[in-house]
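Chemist: coords please:
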Amino acid sequence: MAIQWFPGHMHLTRKAIAERVKDIDVVIEVLDARLPGSSANPLLSELTGHKPTLKVLNKQDVADSERTPLWLDWYNAQPGTRAVALDASDAAPARKLIDGCHQLAPNRGGMAKPMRVLICGVPNVGKSTLINTLSNKRQAKTGDEAGITKLEQRITLADDFYLWDTPGMLWPRITAPESGYNLAASGAVGRNAYDEELVALELLRRLQRQYAPLLEVRYKLALPEGAVAQMDDEELLAAIGKKRGAMLGGGRVNVQKAAEIVLTDFRTAILGRITLETPAEFETWREAGRLEDAERNARKEARKVKTKKPQRGLLVL
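Modeler: As a prediction, the model looks like this:
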């Protein structure tokens, strides 16, 4: 199942970013540290690719502490890019953003040449919470759902540091299915755009391979050691539903409710510190998505050629 979500206000956001970026010195892209590759918007890279970029791996306190350094190294190796990891609710690390911007644009600063920064990211990465922490004011709306911020707003962090906040934006076509599932699991996608049961099953499959002990601790399924990692994902979801009382009449499991429980436990970090992807995994998904997209476009062009009516010859008198 391909997960796609690009509502109307995101079209407006794309236009606003394309216009605003002309006068911007640095772009801050806020990422979810639990899915640092999947939450990086390739459309933003196209719109702002010529500008220095600070990648912020937000929510580091709920991400896998062994995997976050891998992602920092991966992003810091890219030209014109710096990467930092932080927890938006902690004011001290958040100040690293201002320093990072000055390192990327050392010639900006002071009233004559104030720093002009665009901050952006996919929905529900904690961008608004981060802005409120930086400015010590509640200037941006926050909430545990995709699409809270709808309008661009300018925020003054210092006399010579201006920050433009933009609504969360995905991209028109998510080419890597794995990224689509990870984004949906994190809450970056509107609920009407995906099937919660399918997303929960995909999430459980990944957690079984990489974080089975966390599942065993959270759901207390009373199974032999190592059994959780070997279970069928649907069987595991049903077992979780039974354990948490998600039941219907006749002893049937309420699978929808069980899926909601799993997704909520992941989003609120009750399961523990988790990162759903490594740089190597993400690059594999991205390359496969590119190849599939290229093949899809080739098939589309071939159909156009096949159905194109031949032109009639000119009549010469």
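Chemist: Tell me how many other residues crowd residue 15.
Modeler: Per other Cβ atoms under 10 Å, the neighbour tally for residue 15 reads 11. Every C-beta, even on glycine, is put in place using the N, C-alpha and C of the backbone.
Chemist: what secondary structure does it sit in?
Modeler: helix (DSSP: H, G, I helix; E, B strand; the rest coil).
Chemist: and the gap between it and residue 6?
Modeler: For residue 15, the distance to residue 6 (Cβ to Cβ, to the nearest Å) stands at 13 Å.
Chemist: who's in contact with the residue nearest to residue 248 when sequence neighbours are not counted?
Modeler: Leaving out its chain neighbours, the residue that sits closest to residue 248 by Cβ to Cβ, 6 or more residues apart in numbering is residue 254, at 5.0 Å. Residue 254 makes contact with 241, 246, 247, 248, according to Cβ atoms under 8 Å, 6 or more residues apart in numbering.
Chemist: So in terms of bridging, what pairs with the third one?
Modeler: According to DSSP bridges, the residues that bridge with residue 247 are residue 253.
Chemist: Spit out the contact partners of it.
Modeler: 241, 253, 254.
Chemist: Including distance to residue 278, could those go into JSON lines?
Modeler: Formatted as JSON lines, the contacts of residue 247 follow (distance: Cβ to Cβ, whole Å):
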{"residue": "241", "distance to residue 278": "30"}
{"residue": "253", "distance to residue 278": "33"}
{"residue": "254", "distance to residue 278": "34"}
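Chemist: Name the SS class of the most centrally placed residue in the chain, please.
Modeler: The structure's the chain has its C-alpha centroid closest to residue 39; by Cα atoms, centre = their mean the separation is 2.3 Å. Classification of residue 39 using three-state DSSP returns coil.
Chemist: quick one: it and residue 183, what's the gap?
Modeler: Separation of residue 39 from residue 183 (Cβ to Cβ): 7 Å.
Chemist: and for these two, which residues touch both?
Modeler: Shared contacts of residue 39 and residue 183 (Cβ under 8 Å, 6+ apart): residue 122.
Chemist: element containing residue 56, please.
Modeler: Using DSSP states H and E, residue 56 sits in strand 53-58.
Chemist: which helices and strands sit right next to that strand?
Modeler: strand 26-32, helix 68-76, strand 81-86, helix 96-104, helix 127-135 (3 or more Cβ pairs under 8 Å, 6 or more residues apart in numbering; DSSP states H and E).
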